[in-house]
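Curious how this folds, go ahead:
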Amino acid sequence: YSGGKFRKMLMCVEPCFSGSVVDVVQGVPGVLAISSANEKESSFADNYSNELGVWMCDRFSSNLVSSIRQNPEITYRDLYTYLVKHTLGSHVRIYNASLFDNLYRSNPREFFVKEQK
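So this is what the prediction gives:
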């Protein structure tokens, strides 16, 4: 941020103990991080591929992607609330909100939705 490399950054992190990974963004202007678990707990796999024989992602990621696809205008506050309610077995956390933007008005559209030309 201080080097002018970005204006805003959104980090969505799903591994176990992901709170410890994103804790480093605290205090960095323009960065919002959402983690699937706090720094002391596991995040649980939810989507298994029989074809590949591996777990593909956690419920956190499935919920994140589906909620943004269904409603690209969802506010960060509503997205966070949805993830908290629908991610089982771990505690979704949001980091650095006060230095990012107004979570009640802003949304992830600028990061996930291709602009029409």
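
can you list the weak-confidence ranges in the protein?
Where the chain drops to pLDDT under 70, the residues are 113-117.

in it, which spans are strands?
Using DSSP state E, the strands of the chain run over 9-13, 31-35, 45-49, 54-58, 93-95.

quick one: the helices in the protein?
Assigned by DSSP state H, the helices in the chain fall at 18-22, 59-70, 76-86, 109-112.

winner for burial among the ones you listed?
Compared across those, helix 18-22 shows the largest average neighbour count, a mean of 21 (mean count of other C-beta atoms under 10 Å). (Glycine included, C-beta is placed from N, CA and C.)

Could you list every helix and strand in contact with that helix?
Applying 3 or more C-beta pairs under 8 Å, 6 or more residues apart in numbering; DSSP states H and E, one finds that helix 18-22 makes contact with strand 9-13, strand 31-35, strand 93-95.

tally of neighbours for residue 33?
For residue 33, the count of nearby residues is 24 (other C-beta atoms under 10 Å).

check contacts around the residue positioned nearest the centre of the chain.
Geometric centre of the chain, nearest residue: residue 12, 3.2 Å, by C-alpha atoms, centre = their mean. Neighbour list for residue 12: 33-34, 61, 64 [criterion: C-beta atoms under 8 Å, 6 or more residues apart in numbering].
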